[in-house]
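Student: Prediction below, plus the sequence it came from.
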Amino acid sequence: MIRIGVNPIGWSNDDMTEIGGDIPLAQCLADARAAGFTGLELGNKFPRNASELKPILDEYGHALVGGWYSTNLLTQDAKAEFSAARDHAILLRDMGCTVFIAAETSNAIHSDRSTPLSARPVLAKEGWAEFGARYSRFAGMIKAEYGLQLVYHHHMGTVVQTEAEIDRFMAVTDDAVHLLLDTGHATWGGGDPARMARHYKARISHVHCKDIREAVMWQSNREDWSFLDSVLAGVYTVPGDGLIDYVRVLRELNGYSGWVVVEAEQDPKKAEPAEYAALGHAHVKRFLKEAGLVDGA
């Protein structure tokens, strides 16, 4: 079954908390439900224990889809990472989640507005094998202890950004590590999300849908902006409002079961969250049908 969820980053930004900082969590939850969503990922305004969070989400008819976790596996081993991730994993387990979203951020620059994307970290060839081994072990430990499938979130400004880096990461990790396919990051990173969907279908357990405003992307690339400046300029938008052919991508995921999440970070003063949430949900619902996937939301 496919369910359509949303990330609250369209209401309140996690990397720049002042963006949308004045928008109450209740407004986000109400807007999301009115738009047709039945689940949300974690945001910076969410309580971080199940006893507080579950009643809040239940009030608005939402499930918790999952939530981002920043790893430091380039600088520490899997055992240390597993210990550090305990509270996050317990929250996800207790909220009935099935996936553990992770991204390596020990040397990432996506949250630094002063650093252009051209200065992002690049992992040396000799570092990939150990990185992959650590991630595989960490994912196995998370699955064994908490029953959560780790899904790796490739991301602009990190060591896994380009299509080639995604390929390398998938090659050096074992089947304990699955992929979070993010259409917006894949496209801006120079890749083809349809090819990734086709090639890694068996290991894709979570999908993020954000679209790209092509003119903003090319200007960011030409003028070497930071990730956050690009976001504030509107590089991302909801599916169906940019350049990505979603039906082409989703057709490659025939048989997929899980969440498809609208995750389009924008400045809420420029892109009214409720309006764009409704637009994103309507488009994804239509794209899923056109692609031949069943929407169970």
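Tutor: Nice, I can see it.
Student: Going by C-alpha atoms from here, please, whenever you check contacts or count neighbours.
Tutor: Will do.
Student: The residue positioned nearest the centre of the chain pairs with what?
Tutor: Compute the mean C-alpha point of the chain, and by CA atoms, centre = their mean the closest residue is His208, 5.2 Å away. Assessed by DSSP bridges, His208 has beta-bridge partners Asp182, Val261.
Student: Equivalent analysis for Gly66, please.
Tutor: Those that pair with Gly66 in a beta bridge, by DSSP bridges, are Glu41.
Student: and if you look at the one 4 residues further on?
Tutor: Counting by DSSP bridges, Ser70 is bridged to Ala103.
Student: Tell me if I'm right that it and Phe100 touch.
Tutor: No - if you go by CA atoms under 8 Å, Ser70 and Phe100 don't touch, sitting 10.7 Å apart.
Student: Specify which residue of the two has the higher count of neighbours.
Tutor: Higher neighbour count among Ser70 and Phe100: Phe100, with 28 against 14, using other CA atoms under 10 Å.
Student: That one: what's it in contact with?
Tutor: Gly66, Gly67, Trp68, Tyr69, Ala89, Leu92, Leu148, Gln149, Leu150, Val151 (CA atoms under 8 Å, 6 or more residues apart in numbering).
Student: what is the closest residue to it other than its chain neighbours paired to in the beta sheet?
Tutor: In space, and not counting its chain neighbours, Phe100 is closest to Leu150: 4.5 Å by CA to CA, 6 or more residues apart in numbering. Beta-bridge pairing for Leu150 (DSSP bridges): Phe100, Val177.
Student: Surely Leu150 is in contact with Leu92?
Tutor: No - with contact defined as CA under 8 Å, Leu150 does not count as touching Leu92 (11.6 Å).
Student: how about the strands of the stretch 101-250 of the chain, start to end?
Tutor: 149-153, 177-182, 204-209, 211-212, 236-237 (DSSP state E, counting those that start in this stretch).
Student: Residues contacting the last one, please?
Tutor: Counting by CA under 8 Å, 6+ apart, the neighbours of strand 236-237 from elsewhere in the structure are Gly184, Lys210, Asp211, Ile212, Arg213, Ala264, Glu265, Gln266.
Student: The fourth one contacts Ile244, correct?
Tutor: The one in question is Ile212. Yes - assessed by CA under 8 Å, Ile212 is found in contact with Ile244 at 6.9 Å.
Student: May I see the strands of the stretch 101-250 of the chain organised as JSON lines, with distance to Gly61 added?
Tutor: Below are the strands of the stretch 101-250 of the chain laid out as JSON lines (distance: least, CA to CA, whole Å):
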{"stretch": "strand 149-153", "distance to Gly61": "24"}
{"stretch": "strand 177-182", "distance to Gly61": "25"}
{"stretch": "strand 204-209", "distance to Gly61": "21"}
{"stretch": "strand 211-212", "distance to Gly61": "26"}
{"stretch": "strand 236-237", "distance to Gly61": "25"}
